[in-house]
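*Asks:* below: sequence and its predicted model.
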Amino acid sequence: MSDEKTTVAELRRAVAEFVAAREWEPFHTAKNLSMSIAIEAAELMEHFQWLTPEETEAALEDAATRAQIADELADVVIYCLSMSNACGIDVSAEVSGKLARNEARFPVEQFHGRFRRPERDKRETTAKDAKGGDRLGCISEARATEIVRKPELR
Ligand SMILES: [Mg+2]
């Protein structure tokens, strides 16, 4: 199977057959599956926790680590597909609908190369204090990384 040759319906059917063969349908409820998605997402995030951007790139280039990351991503997707089966949600319709709504929310002319509205970027820059924090007491990712790397800064 590959993304180029596999439909979402085929993947949903494969997951449904796996679940049915074990008579796991009673356990695959919306509550349990939504929690399972979050749990598997956390397992995926664990591979990147505390890594610098450079270390993240290196992790993805390491064959063994990449395989573990792909395995966790598969867990997330499998639970998502099982949830769509359990709830009767058409994944393709929902994803394409959400993308269309996001097209309206994030017009290319305003968000090309940025993930925040230009006016919000300006406001956050002026709110930063000399320590690299902002009015909410949050610190930048760069500052947090520096603190993690240098215990004497804690
Ligand atoms: Mg897992």
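*Replies:* Thanks, I have the structure now.
*Asks:* now the closest residue in space to residue 44 that isn't next to it in sequence: which helix or strand?
*Replies:* Residue nearest to residue 44 in three dimensions, not counting chain neighbours: residue 72, with 4.0 Å by Cβ to Cβ, 6 or more residues apart in numbering. C-betas here are computed from N, CA, C, even on glycine. Residue 72 is part of helix 63-87, with elements assigned from DSSP states H and E.
*Asks:* in the helix or strand hosting residue 96, what's buried?
*Replies:* Counting by DSSP H and E, the element that carries residue 96 is helix 91-105. Burial within helix 91-105, assessed by neighbour count using 16 or more other Cβ atoms under 10 Å, is assigned to residue 91.
*Asks:* please apply the same query to stretch 13-26.
*Replies:* 15-16, 19.
*Asks:* check what pLDDT the residue nearest to residue 44 gets.
*Replies:* Looking at residue 72, its pLDDT reads 98.
*Asks:* and it, what does it touch?
*Replies:* 40, 43-44, 47 (Cβ atoms under 8 Å, 6 or more residues apart in numbering).
*Asks:* in contact with residue 119, which residues?
*Replies:* Applying Cβ under 8 Å, 6+ apart, we find residue 119 in contact with no residue.
*Asks:* give me the pLDDT value at it.
*Replies:* As summarised for this prediction, residue 119 has a pLDDT of 73.
*Asks:* swap in residue 52?
*Replies:* Reported pLDDT at residue 52 in the predicted model: 96.
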